[in-house]
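Trainee: Mind looking at a prediction? Sequence and model below.
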Amino acid sequence: MEELLEQLLEDCRPYTQQGKVATYIPELANGDANDLGIYVLRSDGRHYQAGDYKKRFTIQSVVKPILLLLALMDNGEEYVRSRVGVEATGKPFDAINVTDQTLFSDHLNPMVNMGAIAMCTLIKGKDYEERFRRLLDLTRQLAGDQEIDLDQQVYLSEKRTGNKNRALAFLLKTYGMIEDDVEQVLDCYFKACSISVNSKDLAHIGFVLANRGKLPQTEERIFPSRYATYVNAILMTCGMYDGSGDFAVNVGVPAKSGVGGGIMAVVPTRMGIGIFSPGLDGKGNSLAGIKVLEELSKRMYLSIF
């Protein structure tokens, strides 16, 4: 297995030069486009890794399924479904839909920015600092890594330049879809996206979703099996932004990408996969990361279709 992973990285490494490191968040521009790493955790407890799997990066949008999980754990499926929809938008992750129609919860999706901002308001806590702390604790628990923490520099960079997300949040506020102070909600969201992880962490998080809510080895249940079904279904249709259809055809597993270069992939009942390569395609997904997953899926028959 490790030989296979090493071979896949070698074969796909040229794609790292075809992607572009995100620059709209200034701190992300410091990423090294040459980085490429993978970590695989299987249901039999075995784990395999290759490349820059230890390299830390910010989780960015890969935090969205964790936000959704915590919202479900705090409120239940019916309430979350009433506040944030599940349909694919077919638009970029930061799209602003300016129309003369009223914005409804069905228009939101938890895997794009507007829906994720709304989900921050569904997490329980006496203030947004406590809400973020609970999100961080859940991320550590799912990843089995107590060292996970906030990347302060990326957080401040996002907060300083995140005006499009401010526009999205104020649009939500305009239509009564968030009631709290916009800057406090955004502070939680910017911090959530700035959690520092590595490929191993993403593989462990993906494994818990593949294992229907149970941790590896101990089999301790963290959330109900139904929530894994809910999250995985949305990842399948929306997790790779407006490239989700192509990804479903070519890879065929639930996955979530982030502009930091991470991809978390879920192979139900079989494995969790974490990938890091910061060079992005035009849709904001890791270009080389997708190529690695395409080849791994073909070689190991991972597609659920």
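Mentor: Received, thanks.
Trainee: where's residue 151 relative to residue 249, distance?
Mentor: Using CB to CB, to the nearest Å, we find residue 151 at a distance of 34 Å from residue 249. The way it works is simple: take the backbone N, C-alpha and C, and place the C-beta from them, glycine included.
Trainee: Same drill for the two, tell me which one is more crowded.
Mentor: residue 151 (21 against 11; other CB atoms under 10 Å).
Trainee: contacting residues for the more buried one?
Mentor: 56, 58, 194-196 (CB atoms under 8 Å, 6 or more residues apart in numbering).
Trainee: could you point out where the stretch 1-150 of the chain is predicted with low confidence?
Mentor: 90-104 (pLDDT under 70).
Trainee: all strands for it, in order.
Mentor: Assigned by DSSP state E, counting those that start in this stretch, the strands in the stretch 1-150 of the chain fall at 37-42, 47-51, 57-58, 149-150.
Trainee: What is the burial count for residue 55?
Mentor: 17.
Trainee: got it, and residue 129?
Mentor: 13.
Trainee: can you tell me how far it sits from residue 259?
Mentor: In terms of CB to CB, residue 129 sits 25 Å off from residue 259.
Trainee: ok so, going back, what would the contacts of residue 151 look like in CSV with distance to residue 70?
Mentor: Shown next, in CSV, are those (distance: CB to CB, whole Å):
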residue, distance to residue 70
56, 22
58, 18
194, 17
195, 13
196, 18
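Trainee: Spatially central residue in the protein, please.
Mentor: residue 62 (1.3 Å; CA atoms, centre = their mean).
Trainee: Show the pLDDT at the residue lying closest to it once chain neighbours are set aside.
Mentor: Nearest residue to residue 62, sequence neighbours excluded (CB to CB, 6 or more residues apart in numbering): residue 258, at 4.2 Å. On pLDDT, residue 258 comes in at 97.
Trainee: Spit out the contact partners of residue 258.
Mentor: Counted by CB under 8 Å, 6+ apart, residue 258 has contacts 58-63, 193.
Trainee: Kindly report the same for residue 230.
Mentor: Residue 230 neighbours (CB under 8 Å, 6+ apart): 68, 72, 77.
Trainee: Mean neighbour count added to the strands of the stretch 1-150 of the chain, as JSON lines?
Mentor: Putting the strands of the stretch 1-150 of the chain into JSON lines (neighbours: other CB atoms under 10 Å) gives the following:
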{"stretch": "strand 37-42", "mean neighbour count": "26"}
{"stretch": "strand 47-51", "mean neighbour count": "21"}
{"stretch": "strand 57-58", "mean neighbour count": "26"}
{"stretch": "strand 149-150", "mean neighbour count": "16"}
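Trainee: So residue 107 is in contact with residue 85, correct?
Mentor: Yes: counting by CB atoms under 8 Å, residue 85 is a contact partner of residue 107 at 6.4 Å.
Trainee: Common neighbours of the two, please.
Mentor: With CB under 8 Å, 6+ apart, residue 107 and residue 85 have no common neighbours.
Trainee: Next, the buried residues of stretch 111-124.
Mentor: Neighbour counts over stretch 111-124 (16 or more other CB atoms under 10 Å) mark 111-123 as buried.
Trainee: picking up where we left off before, which members of the contacts of residue 258 occur in helices, if any?
Mentor: Counting by DSSP state H, the contacts of residue 258 place residue 193 in helices.
Trainee: Top of the contacts of residue 258 by number of neighbours, please.
Mentor: Neighbour-wise, the contacts of residue 258 (other CB under 10 Å) top out at residue 62, 29 neighbours.
Trainee: hang on, the earlier thing: nearest to residue 233 among the strands of the stretch 1-150 of the chain would be which one?
Mentor: Residue 233 lies closest, by CB to CB, to one member of the strands of the stretch 1-150 of the chain: strand 37-42, at 21.5 Å.
Trainee: The closest one pairs with which strands?
Mentor: Looking at strand 37-42 with DSSP bridges, its partner strands are strand 47-51 (antiparallel), strand 271-276 (antiparallel).
Trainee: mind exporting the last one as CSV, just the C-alpha atoms?
Mentor: Coordinates of the C-alpha atoms in strand 271-276 are reproduced here as CSV (Å, rounded to 0.1, in the frame of the first residue of the first chain):
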residue,chain,number,x,y,z
MET,A,271,-11.3,4.2,5.1
GLY,A,272,-10.6,7.9,5.6
ILE,A,273,-8.1,9.7,3.4
GLY,A,274,-6.3,13.0,4.0
ILE,A,275,-4.5,14.8,1.2
PHE,A,276,-2.5,18.0,1.1
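Trainee: Restricting to C-alpha, output the helix or strand just after that strand in CSV.
Mentor: Using DSSP states H and E, the helix or strand that follows strand 271-276 in sequence is helix 287-300. The C-alpha trace of helix 287-300 is given here as CSV (Å, rounded to 0.1, in the frame of the first residue of the first chain):
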residue,chain,number,x,y,z
LEU,A,287,-5.4,20.1,-8.4
ALA,A,288,-2.8,17.4,-7.6
GLY,A,289,-4.8,16.2,-4.7
ILE,A,290,-7.8,15.4,-7.0
LYS,A,291,-5.5,13.6,-9.4
VAL,A,292,-4.1,11.4,-6.6
LEU,A,293,-7.6,10.5,-5.5
GLU,A,294,-8.7,9.7,-9.0
GLU,A,295,-5.9,7.3,-9.5
LEU,A,296,-6.3,5.8,-6.0
SER,A,297,-10.0,5.3,-6.6
LYS,A,298,-9.3,3.5,-9.9
ARG,A,299,-6.6,1.2,-8.4
MET,A,300,-8.6,0.3,-5.3
